[in-house]
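*Asks:* Need the 3D shape of this:
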Amino acid sequence: MKIGVINKWKDIPAIIVNEEVYRKFKVAVIRNGNNRFPACIVTSKHPDILARLDDNEILVTPKILEIAQISDPLDLSDKLNIEFFSQGLFVYGTLLSSYITPDGDIHRGWGGLEKYPKIRGICSPYALYYHGLPYMIQENNSESGVIGEIYLGVNANIERKIDNIELSANYKITRTKAKIIENFPLIRKIDVKLYEYNGKPIGIALRTMLFEEAYVVNKKMTYFQHDRFFSVLKGNSSIIITAPHGGYYCPLKMLSVENAESDEETYVLSREIITEIYWMSNQQLIPSAVLAKIHRSRVDLNSAIDYYNRRIAKEYHRIIENMGSKQAEILIDIHGMSAKEKYDIELGTNYGATVKNREDLLEEFRENLKKEGFSVVVDRKYTGGFTVRHHSQKDLIAIQIEINKRLRMPWNYKETAKRIAKAIWKITSI
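*Replies:* Below you'll find the model as predicted:
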């Protein structure tokens, strides 16, 4: 198989194949030594790509090489192992990599699946119930579906062992389709096998048990909601986390703007911040979040022009406004800046206007970040865009945070998120 690099989509992880291969397979898994990760398969006919490829030709985007930590693009066929999948095993309960119960208990899954690559997906029309054990059944009136994980390439012997256990517990094997909900450039459906309960379910109706898709405070579950353009979490704390430029979704029929790149890893970094604050609060506080999945080349959610002219941008800010009208007090708008900048983080407040005479809070936040080892400047170059300026006109204190690319790499963004979360957590009590 011939593997080349396409000089497009430098900020988006994707595998480019011809139309025939694209129709046959739904997701790829890339291996380079011990490094392994899933990636979206994109047709070479995508209007952003428009390349001619044979069946044995593959193009990878520069972002794939970055994730795989490959600096030399020569002889990629010897460096990258790319495996294509058209189906997977959908799990939704105690087989999840990490699941949370309605009581707030968090567990690791059983079954020996942890060594296999996975993606998140939604199965509809299904519903999930919990009464000591999870029960997933088909319900035609279930509009939202069930969020779970799709394991890829599971060993046949392991799958048979799981089959035997599930079938003996009154579950049956069902084959259906799941919509992939990863932050991918295209939204696709994949064939899945799942274990459906073969009886009448009892217990509490749930959206998912997948931890970090669901959080629990005082036996009340809070879930991420996903559509094509956003991931939204309505939390219970004074914090709203926004990330307008972290999405990779590039719809086939939506025109693009040239030279509009994403703030890479800010989507997943923002999600890590949420989970870290949940842990720091002893599982009592969940920040709210509005995170873009749509790519910046399709609509700029931090632009006043797009706010007044694009329905998607209007909806994004309407969701933030609704959250700000409740218990929220502080909006943290997550962005990314170039590795060329010498400092780690810049805080943007429109020269103090968006913090509403709370310079003490801004200074405390800056000092907290410095204590976490970051070099920090305020209102030097990135002084705050439309999001913080617009929402600070209401009752919110709004701070834009630009994070250096060096700290947003696929291998270090989690540590960066943990340190930023500590700095945010410390200002919430001021």
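*Asks:* Now do the same contact list for R406.
*Replies:* When contacts are counted by C-beta atoms under 8 Å, 6 or more residues apart in numbering, R406 touches 339, 344. Any C-beta I mention is one placed from the backbone N, CA and C, and that applies to glycine too.
*Asks:* is it true that it lies in a strand?
*Replies:* No: secondary structure of R406 (DSSP: H, G, I helix; E, B strand; the rest coil): helix, not part of a strand.
*Asks:* Use 36 as the first number from now on
*Replies:* Understood, numbering begins at 36; the last thing we discussed is R441.
*Asks:* Just the pLDDT at it, thanks.
*Replies:* In this model, R441 is scored at 98, pLDDT.
*Asks:* separation between it and E184?
*Replies:* For R441, the distance to E184 equals 31 Å [C-beta to C-beta, to the nearest Å].
*Asks:* again with N447
*Replies:* Going from N447 to E184 by C-beta to C-beta gives 24 Å.
*Asks:* Model confidence score at the residue lying farthest from the centre of the chain, please.
*Replies:* Taking C-alpha atoms, centre = their mean, the residue of the chain most remote from its mean C-alpha position is S203, at 35.4 Å. S203 carries a pLDDT score of 97 in this model.
*Asks:* And E300, by the same measure?
*Replies:* pLDDT, E300: 98.
*Asks:* just checking, it touches P445?
*Replies:* Yes: E300 is within contact range of P445, at 6.7 Å (criterion: C-beta atoms under 8 Å).
*Asks:* what about these two, which has more around it?
*Replies:* Of the pair E300 and P445, E300 is the one with more neighbours under other C-beta atoms under 10 Å, namely 27 against 17.
*Asks:* Which residues are in contact with the more buried one?
*Replies:* With C-beta under 8 Å, 6+ apart, E300 has these contacts: 281, 371, 443-445, 448.
*Asks:* Now the buried members of those.
*Replies:* Those of those that meet the buried threshold are 281, 371, 443, 445, 448, by 16 or more other C-beta atoms under 10 Å.
*Asks:* In helices only, show me these.
*Replies:* Counting by DSSP state H, the part of the buried ones among the contacts of E300 found in helices is Y448.
*Asks:* Output the below-cut-off pLDDT ranges for the protein.
*Replies:* Where the chain drops to pLDDT under 70, the residues are 177-178, 360-362, 464-465.
*Asks:* now the helices for it?
*Replies:* Listed in chain order, the helices of the chain (DSSP H) span 54-59, 97-103, 111-114, 191-203, 301-315, 339-344, 346-359, 394-406, 421-426, 448-462.
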